[in-house]
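Colleague: The sequence and its predicted three-dimensional model are supplied below.
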Amino acid sequence: MELRDLETLFFALQAHAPAMGRTRAAQRIARLRALKKALYLHQPEAHAALRADLNRAEPDTDLNEILPVTTSIDYTIRHLRRWMRPEKHGLPITLIPGSAEVVYESKGVVLIVSPWNFPINLCLVPLVYAVAAGNTVALKPSELSPATSAFLAKLIPTVFPPEEVRVVEGGVEIAKALINQPWNHIFFTGSPQIGSQVMASAARHLTSVTLELGGKSPVIVHPKFGPEIAGARVAWAKGLNAGQVCIAPDYALIRKDQRDAFLEGFKAGVLRHYGERPSENPDFGRIVHERHWDRLDAWVTEVRASGAHVWQVDAPNRSQKYYPLTLVWDAPMDCALSCSEIFGPILPVYTYIETADAIAHVNGGSRPLVLYQLSHDRTWSDGITAATRAGATVINDFYLHYMHPSLPFGGINTSGIGKSHGIWGFREFTNARSVYRRGRWSPTMLLAPPYSDWKKKLIRWITRWL
Ligand code: NAD
């Protein structure tokens, strides 16, 4: 698409936004049902696109791309009428007689910008809430997952007319041009660096934003959990999509005397889930792009040079964009692996002596999207939750909070602004409009100037007692 065509597209969506905003729940539900049907109908093409982009195994595509979208659709269909209903509020005595309510109205014309790592899920889940809220939408998938972007560009016109939802394929230049338009809302999923650019751009039009970002999500292991079991579980979680998951455990914190057992548990977990040679396992994902492969390899080279220990299940292979599950221990705190979001199958392992050390480690960095804990000790895990700040906390498993349709999903500060999923996702795309209605008779005028003595007394009395 040419840059000048973007303005035309924006104005077409903007012109139709009021009509879309007037649609009733039944009309929005019909669109969501059609989207679900189209997704099932074109599931084989979705599988092929994800294979081409990320060597994603078909069951992984079903579980992590299709299922979150259909779950969001089903949940939204069940609740949309209630979400759309005006919310009645009681009146303080000073506002009687009258009535008050909150109306959740569509924002208007919105932009959704998505990353490549779950390219169907992260485009279509926000779309479900944007449509449920009655907006017109431009969807910008990532240029790094081109087969899936092309799939979405074919799928969406089978469900929505072009004045309601449009897919805009293209790279960074297109993305930059898009965010310069005066959208009523931008829902961005991606890195904190680009997220901050999006927010700066949106500020020029005072466009509201939802930023679903990333960062370093720790997993803290309780000393009585069992270090081998902990290691094996983290190996599975780190292997999903070759670690390219915003809510992947980024690093592990384990009590010092249990570190070696944890490392052995991780190696055993790799063997169990992906075999001795994950490079030959069709179910193990690939790194999305050579640029990201080079970044991961440079970070491992850097940490090796620092004297840290590195274990890899088999050899990295750039031409195949294969990067092995990798353990790193004794890494210095100023290397890239310790400071930046890894977004790959590499797990640095750090140790603590007292729980307070683990808490200080987490609080010394930016606020995580998820803080994972492996612990059967409720007091211990409650203590860690209370002493830290994160977008979410998951205890004794990984990822599952994302699958709960009514838990708010999102980060805090550098890991994100705003929330998605369920009523949180719906409200993110709406304006909560206050409507206060007086009847025929309004006592307000009793308090209007000129302020005679009795009015002054009345106002003093109201200020004091009401
Ligand atoms: P990215 O920030 O590089 O790109 C995301 C999207 O932004 C792409 O569509 C891209 O075309 C667009 N973009 C690139 N430059 C832009 C610019 N200057 N202005 C506007 N848009 C621009 O992220 P990525 O590499 O695709 O994804 C990885 C990152 O996304 C990681 O940090 C990960 O943690 C995060 N992520 C977060 C979530 C979440 O839900 N919180 C989910 C998945 C990924």
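Modeller: Nice, I can see it. Residues are numbered from 1 along each chain as shown.
Colleague: Could you use CA atoms for every contact and neighbour count after this?
Modeller: Noted.
Colleague: In three-state terms, label the residue nearest to residue 219 when sequence neighbours are not counted for me.
Modeller: Spatial nearest neighbour of residue 219, excluding adjacent residues (CA to CA, 6 or more residues apart in numbering): residue 372 at 4.4 Å. Under the three-state scheme (DSSP: H, G, I helix; E, B strand; the rest coil), the conformation of residue 372 reads as strand.
Colleague: show me what contacts residue 372?
Modeller: Residues in contact with residue 372 (CA atoms under 8 Å, 6 or more residues apart in numbering) are 217-220, 249, 393-398.
Colleague: List the beta-bridge partners for it.
Modeller: residue 219, residue 394 (DSSP bridges).
Colleague: What residues does this protein have near the ligand?
Modeller: Applying CA under 6 Å from any ligand atom, one finds that the chain approaches the ligand through 113-116, 140-143, 171-172, 175-176, 189-191, 194, 198, 212-215, 246, 410.
Colleague: how near is the residue nearest to residue 219 to the ligand?
Modeller: As judged by CA to the nearest ligand atom, to the nearest Å, residue 372 and the ligand stand 15 Å apart.
Colleague: Quick one: buried ones out of the residues of the chain next to the ligand?
Modeller: Burial of these was assessed by neighbour count (16 or more other CA atoms under 10 Å); the buried members are 113-116, 140-143, 175, 189-191, 198, 212-215, 246, 410.
Colleague: Now, those residues that are in strands?
Modeller: Among those, DSSP state E puts 113, 140, 189, 212 in strands.
Colleague: hmm, which two among the residues you listed are most spread apart?
Modeller: Longest distance between any two of those is 14.7 Å, between 140 and 212; criterion CA to CA.
Colleague: Which segments of this protein make up each domain?
Modeller: When the chain is parsed with automatic domain parsing, its domains come out as 3-213+413-433, 218-403.
Colleague: Tabulate the ones you listed in a markdown table, adding columns for mean pLDDT.
Modeller: As requested, the domains of the chain are arranged in a markdown table below (pLDDT from 0 to 100):
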| stretch | mean pLDDT |
| --- | --- |
| domain 3-213+413-433 | 97 |
| domain 218-403 | 97 |
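Colleague: out of those domains, which comes closest to residue 449?
Modeller: Closest approach to residue 449 among the domains of the chain (CA to CA): domain 3-213+413-433, 17.8 Å.
Colleague: Can you give me the end-to-end span of that closest one?
Modeller: According to CA to CA, to the nearest Å, domain 3-213+413-433 extends 35 Å from its N-terminal end residue to its C-terminal end residue.
Colleague: which residues in the stretch 151-300 of the chain form helices?
Modeller: With DSSP state H, counting those that start in this stretch as the definition, the stretch 151-300 of the chain shows helices at residue ranges 172-179, 192-205, 227-239, 259-274, 290-305.
Colleague: Give me the buried positions along the last one.
Modeller: Translated: helix 290-305. Residues 293, 296, 299-300, 302-304 are the ones in helix 290-305 that count as buried (16+ other CA under 10 Å).
Colleague: Need the contact partners of it.
Modeller: Residues from elsewhere that reach helix 290-305 (CA under 8 Å, 6+ apart): 287, 310, 318, 321-323, 331-332, 335-337, 342, 344.
Colleague: which of the buried residues of helix 290-305 lies closest to the ligand?
Modeller: Using CA to the nearest ligand atom, residue 293 comes nearest to the ligand of the buried residues of helix 290-305, at 12.2 Å.
Colleague: quick one on the thing from earlier: now the helices of the stretch 151-300 of the chain as TSV including distance to residue 378?
Modeller: Compiled in TSV, the helices of the stretch 151-300 of the chain are given as follows (distance: least, CA to CA, whole Å):
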stretch	distance to residue 378
helix 172-179	45
helix 192-205	32
helix 227-239	17
helix 259-274	22
helix 290-305	36
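Colleague: Now which of the contacts of helix 290-305 would you call buried?
Modeller: For these, burial is judged from neighbour counts taken by 16+ other CA under 10 Å, and it is met by 287, 310, 321-323, 331, 336-337, 342, 344.
Colleague: about what we covered before: which of the contacts of helix 290-305 fall in strands?
Modeller: Among those, the members falling in strands (DSSP E) are residue 310.
Colleague: Now the two most distant members of the contacts of helix 290-305.
Modeller: When the contacts of helix 290-305 are compared pair by pair using CA to CA, the two farthest from each other are 321 and 332, 27.0 Å apart.
Colleague: neighbours of residue 465, just the number please.
Modeller: 7 (other CA atoms under 10 Å).
Colleague: Can you pull the phi/psi pair for it?
Modeller: phi -110, psi -20 (degrees, to the nearest 10).
Colleague: That one and residue 451, how far apart?
Modeller: Taking CA to CA as the criterion, residue 465 is separated from residue 451 by 19 Å.
Colleague: for residue 108, same thing?
Modeller: With distances taken as CA to CA, residue 108 is found 44 Å from residue 451.
Colleague: Going along the chain, name the strands of the stretch 351-466 of the chain.
Modeller: 370-374, 392-395, 416-417, 430-437 (DSSP state E, counting those that start in this stretch).
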